[in-house]
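Enquirer: Please find the sequence and the predicted model below.
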Amino acid sequence: MNLLPSFTSDWSRTRVVFGVGTIDRLAAELDALALARVLLVVTPGRARDLSLLRSKLGDRIVDVCDGAALHVPIERVRAAVEQVDRARPQTLLAFGGGSAVGLAKAIALERPLPIAVVPTTYAGSEMTSVWGITDGAKKRTGRNPAVAPRVVVYDPALTLSLPAPVSAASGMNAVAHAVEAMYAPEASPIALAAADDALRSLSRALPAVVARPDSIDARTLALRGAHCAGVAMEMAAMGLHHKICHVLGGTFGLPHAPTHAAVLPHVVAFNTPAAPAAMARIAEALATDDAAIGLAALNRTLGLVTSLRTLGFDPADVDRAATLVTEQPYRSPRGASWAEVRDLLRNAL
Ligand code: NAD
């Protein structure tokens, strides 16, 4: 008998509100879930958005924490927790990209507060229970249902201000979630469907966003893809690609989203012999014949940097990075030895 693959699946209880203009519903959504006394969590320098949120939420906002930064440095978490203890909010509202969401999750690990999110990039962190904190040169990550957001309000109009190059890289970060979900062991049919929608949406939307950053249709399709990619990431184990990017970002300080874009075609090429059916589905969703070649072509269309050296990676660090990648287990269709990871990184230089 030809058995279909077995799968496991967890469901989170995140309410999602998606559509142009939904920022106007944010206050009602918070009230409906009794999410009062809001601490707003943002990256620095988003003053314009702050006045927008104050106009929508009024005195529901009790304080603003603008300490969010890439990879969630532990010092920022400590400062934010002190702020929480002073301001005594009942809700954390992350407004922004993965950095703002990441800081809210790190706070919630220390002080159990519900999280609401208004995403303004395509990172997808709002749909996951995955947290990360960087302490010195080491990034720790984990999954904890307690940090999964309670409500997410996606308004594509809020992404119009995201510069085209940032949009492109952020979108490829989402593509990477979907790609790794496609070949994850025991991925559920729902995770695969989400990944498929993400790849179809993002591969069509991102070139349109770069060509016309003011196109609300392109922005809406990109944000839909990002949402689906976040769902796929939440429901499936991430593999070698995420492990490599985690090391390159957390230990070597490479920029998160552009690094995902540069590494992805190399990992997909490496995994292709071990997961032919998944790769065929990825290729079909991308409307290409070969998944790795299609992803490399998408990077070029989007004008993204495809060299790790250009992104700041020192070739002298290749061996140490390969050691860090291979010292912890991860699930992937094809196991990679130290020498194979080293060669992959060299190819991506
Ligand atoms: P980011 O949140 O750092 O945002 C990038 C920059 O864009 C920031 O300067 C921000 O202020 C600005 N910005 C955001 N939205 C904007 C808008 N609409 N208009 C203008 N500027 C805007 O970057 P990111 O790529 O969204 O997130 C990366 C971080 O998220 C990394 O730390 C990564 O590890 C994490 N991440 C976590 C998960 C997860 O599930 N835990 C998933 C993906 C990414």
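Expert: Looks like it arrived, so ask away. Residues are numbered from 1 along each chain as shown.
Enquirer: which other helices and strands contact the strand or helix carrying residue 17?
Expert: Assigned by DSSP states H and E, residue 17 belongs to strand 15-18. Strand 15-18 makes packing contacts with strand 151-154, helix 216-235 when contacts are defined by 3 or more Cβ pairs under 8 Å, 6 or more residues apart in numbering; DSSP states H and E. For every residue, glycine as well, the C-beta is placed using N, CA and C.
Enquirer: Now these in JSON lines, please, with extra columns for mean neighbour count.
Expert: Output for these, formatted as JSON lines (neighbours: other Cβ atoms under 10 Å):
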{"stretch": "strand 151-154", "mean neighbour count": "23"}
{"stretch": "helix 216-235", "mean neighbour count": "25"}
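Enquirer: Save the ones you listed as JSON lines, and put in distance to the ligand and mean pLDDT too.
Expert: Formatted as JSON lines, the helices and strands packed on strand 15-18 follow (distance: least, Cβ to the nearest ligand atom, whole Å; pLDDT from 0 to 100):
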{"stretch": "strand 151-154", "distance to the ligand": "12", "mean pLDDT": "98"}
{"stretch": "helix 216-235", "distance to the ligand": "6", "mean pLDDT": "98"}
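Enquirer: I'd like these as JSON lines, with distance to residue 251 appended.
Expert: Formatted as JSON lines, the helices and strands packed on strand 15-18 follow (distance: least, Cβ to Cβ, whole Å):
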{"stretch": "strand 151-154", "distance to residue 251": "30"}
{"stretch": "helix 216-235", "distance to residue 251": "22"}
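Enquirer: What average pLDDT does the helix or strand where residue 28 lies get?
Expert: For residue 28, the element it lies in under DSSP H and E is helix 26-32. Across helix 26-32, pLDDT averages out at 98.
Enquirer: Please list the outside residues in contact with the helix or strand that that helix is followed by.
Expert: Later in the chain than helix 26-32, the nearest helix or strand by DSSP H and E is strand 38-41. Strand 38-41 has contacts (Cβ atoms under 8 Å, 6 or more residues apart in numbering) with 30, 50, 53, 57, 60-65, 68, 80, 83-84, 87, 89-96, 100, 103-104, 107, 113, 116.
Enquirer: Let me know the average pLDDT across the helix or strand just after strand 38-41.
Expert: Moving toward the C-terminus from strand 38-41, the next helix or strand (DSSP H and E) is helix 47-57. Average pLDDT, helix 47-57: 89.
Enquirer: For helix 47-57, buried residues please.
Expert: 49, 53, 56 (16 or more other Cβ atoms under 10 Å).
Enquirer: Present the residues you listed as a markdown table; the columns should include distance to the ligand.
Expert: A markdown table is the format used below for these (distance: Cβ to the nearest ligand atom, whole Å):
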| residue | distance to the ligand |
| --- | --- |
| 49 | 8 |
| 53 | 13 |
| 56 | 16 |
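Enquirer: rewinding a little: output the strand holding residue 17 as CSV, restricted to C-alpha atoms.
Expert: The C-alpha coordinates for strand 15-18 follow below in CSV (Å, rounded to 0.1, in the frame of the first residue of the first chain):
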residue,chain,number,x,y,z
ARG,A,15,-7.2,36.1,15.7
VAL,A,16,-6.3,37.6,12.3
VAL,A,17,-7.9,40.7,10.8
PHE,A,18,-6.6,41.3,7.2
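Enquirer: Pull out the buried residues from that strand.
Expert: Going by neighbour count (16+ other Cβ under 10 Å), the buried part of strand 15-18 is 16, 17.
Enquirer: For the closest residue in space to residue 288 that isn't next to it in sequence, which residues are in contact?
Expert: Spatial nearest neighbour of residue 288, excluding adjacent residues (Cβ to Cβ, 6 or more residues apart in numbering): residue 294 at 3.0 Å. Contacts of residue 294 were listed using Cβ under 8 Å, 6+ apart, and they are 203, 282, 283, 286, 287, 288.
Enquirer: Let's see the pLDDT reported for residue 294.
Expert: 98.
Enquirer: where's residue 306 relative to residue 169, distance?
Expert: 11 Å (Cβ to Cβ, to the nearest Å).
Enquirer: which neighbours do those two share?
Expert: Shared contacts of residue 306 and residue 169, counting by Cβ under 8 Å, 6+ apart, come down to residue 261.
Enquirer: Among these two, which residue is more densely surrounded?
Expert: With other Cβ atoms under 10 Å as the criterion, residue 306 and residue 169 differ in neighbour count, and residue 169 comes out ahead with 25 against 17.
Enquirer: Specify the angle between the helix or strand where that one lies and helix 216-235 in degrees.
Expert: In the assignment (DSSP H and E), residue 169 maps to helix 164-182. On the basis of axes from the mean of the first three to the mean of the last three Cα atoms, to 10 degrees, helix 164-182 is oriented at 40 degrees to helix 216-235.
Enquirer: what packs against the lengthiest helix in the chain?
Expert: Longest helix in the chain by number of residues, with DSSP state H as the criterion: helix 189-211. Where contact means 3+ Cβ pairs under 8 Å, 6+ apart, helix 189-211 is packed against helix 164-182, helix 216-235, helix 276-285, helix 291-301.
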